[in-house]
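Asker: Model the following, please.
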Amino acid sequence: RVCGSTLVLGSDDPERGVELETSSSTYPVWTAAPQPVFTDQDVTYRYAVFSGGAFSRWEAGPKRKIVVRKAALPPLADGSPGTTLALSDRVVAEDMVRWGAEEAAAHAATDCSVEAIAADARARNAEAASTSPSSA
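Answerer: Numbering: from 1, shown residues only. The predicted structure follows:
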């Protein structure tokens, strides 16, 4: 579940957070139904790990932060208001060491899209399954 600082995200209560789901074809990507958000609000959140239907632990690392801002756009062709929400998701962390030019250059071309991460996870899972003693 995803739990956060707003009522919609359970007010940081893992039992009231938004349930996520995945499948063998989409793992490691987890999804949930869209949730209402208010604009001009900073929301902190984190993932709650459940085991056997009970809360087990919080994800490792600091809370994440999403910044919700309203952006005005020209009206759409059908006359409806031209507004959208701009979402920015990032991990909130303090006292982190800044990357030097060498580290930044090494990661500049890394594909961090959801699709690339999912493909990498599937490849790693397949490799681990093929090298495990039980697959021999």
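
Asker: Tell me where this structure has helices.
Answerer: 101-107, 114-131 (DSSP state H).

Asker: and Glu21, what is it in contact with?
Answerer: Applying C-beta atoms under 8 Å, 6 or more residues apart in numbering to Glu21 gives the contacts Trp30, Thr31, Ala32. Backbone N, C-alpha and C define where each C-beta goes, glycine included.

Asker: Return the set of residues that bridge with it.
Answerer: Counting by DSSP bridges, Glu21 is bridged to Thr31.

Asker: And it, how far from Glu127?
Answerer: Per C-beta to C-beta, to the nearest Å, Glu21 is found 25 Å from Glu127.

Asker: where does the protein have low pLDDT?
Answerer: 37-40, 68-76, 79-99, 107, 112-114, 116-117, 132-136 (pLDDT under 70).

Asker: Spatially, what comes nearest to Cys3 if we skip its sequence neighbours?
Answerer: Closest residue to Cys3 apart from its sequence neighbours, by C-beta to C-beta, 6 or more residues apart in numbering: Gly17 at 3.5 Å.
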